[in-house]
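Chemist: Next one to model:
(2 chains, ligands or ions: 1)
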Amino acid sequence: MNVAFINPFIESTVTTFRNMLSTEIKPLAPMLKKDLHPTYDISGVIGLSGLAQGIIAIGFSKDSALSTVTKFIGGKVNKSEMIDAVGELVNIVAGYAKKDLTEYDLAISLPNVVLGEAHHVTTPTGVPAIVVPFDSPLGNFSMEVALITPKK
Amino acid sequence: MRILLVDDSSTMRRIQKTQLDGLGITDVLEAENGEHALRQIADHMPIDIVLLDWNMPVMDGITTLQNIRSNSAYSGIKVIMCTSESEKTKVVEALKNGANNYIVKPFTPEALKEKVLG
Ligand SMILES: [Mg+2]
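Modeler: Numbers count the residues shown, from 1 in each chain, chains lettered A, B, ... in the order given. The predicted structure follows:
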């Protein structure tokens, strides 16, 4: 996987938290995903297609998700709002990152949210996935990007 | 001022509604996709502003925009796209199809205020 793919998604995540949650978050060192780690209690996934293909996901623990989504919405949230909000967060991150990846002419899918204690995000087979942990005052979380340009 | 919020995310509509409320705009309608939006418009004219998401199931934002602009009875409606679609080509496509303005998600409350009141 081309590591240059990852930067637009990192910047998009930071800007999303800054603009919509008035929160400064810090990306930690990206790492190659292995052994089905990390795990999450709630994750949002979006498919990417075009001249590159793959997924982007954002995953939270229960506590991180609750404080992040509460801040995002600006009030108490129920379970269905939690699911919707995590989906919209990953939608914003994916869509905003596209402006720096125009050479790949990417289209994004509608978000898919998975709820379940300690699950991992399934990334496309044979596509190396990069995990970027984020340090957030609302509770830490991770982003995963698995994206390849198909060989001609 | 009457505003219709069109977004498949209920939390995004809730965020927009809260921010508009802070601007004193309380006559707010909602729709969760383009088809729903067209029904809301037909039932609730006059509508001043439609805040329109792009990526939605059932009917997406660009198709909704084309539908709105094909009806002369709706020519007074100001359509502001509010979407995570961030490429210049998308902005141009929306403006070509009759959008009056464009807000890229993630937006700040100031950006929303400026586009809605401006
Ligand atoms: Mg949407």
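
Chemist: now the strands for the chain?
Modeler: This is for chain A. Counting by DSSP state E, one finds strands in chain A at the ranges A:26-27, A:31-32, A:40-49, A:53-60, A:107-108, A:112-119, A:130-135, A:141-148.

Chemist: My question was about chain B, not that one.
Modeler: Counting by DSSP E, the strands of chain B are B:2-6, B:27-31, B:49-52, B:78-83, B:101-104.

Chemist: give me the number of residues near whichever residue of chain A sits closest to chain B?
Modeler: Ranking the residues of chain A by distance to chain B (CB to the nearest CB) places A:G95 first, at 2.5 Å. C-beta here means a position set from N, CA and C on the backbone, and glycine is covered the same way. A:G95 is flanked by 25 other residues according to other CB atoms under 10 Å in any protein chain shown.

Chemist: Could you report the distance from it to the ion?
Modeler: 9 Å (CB to the ion, to the nearest Å).

Chemist: same deal with B:I25?
Modeler: Using CB to the ion, B:I25 is found at 22 Å from the ion.

Chemist: before we move on, back to that, can you list the strands of chain A in a markdown table and add distance to A:D84, mean pLDDT and mean neighbour count?
Modeler: Below are those laid out as a markdown table (distance: least, CB to CB, whole Å; pLDDT from 0 to 100; neighbours: other CB atoms under 10 Å in any protein chain shown):
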| stretch | distance to A:D84 | mean pLDDT | mean neighbour count |
| --- | --- | --- | --- |
| strand A:26-27 | 25 | 98 | 14 |
| strand A:31-32 | 30 | 92 | 12 |
| strand A:40-49 | 10 | 98 | 22 |
| strand A:53-60 | 14 | 97 | 24 |
| strand A:107-108 | 17 | 96 | 17 |
| strand A:112-119 | 8 | 96 | 14 |
| strand A:130-135 | 21 | 97 | 18 |
| strand A:141-148 | 17 | 96 | 23 |
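
Chemist: Out of those, which gets nearest to B:S72?
Modeler: strand A:107-108 (32.1 Å; CB to CB).

Chemist: Which neighbouring elements make contact with the closest one?
Modeler: strand A:40-49, helix A:79-97 (3 or more CB pairs under 8 Å, 6 or more residues apart in numbering or on different chains; DSSP states H and E).
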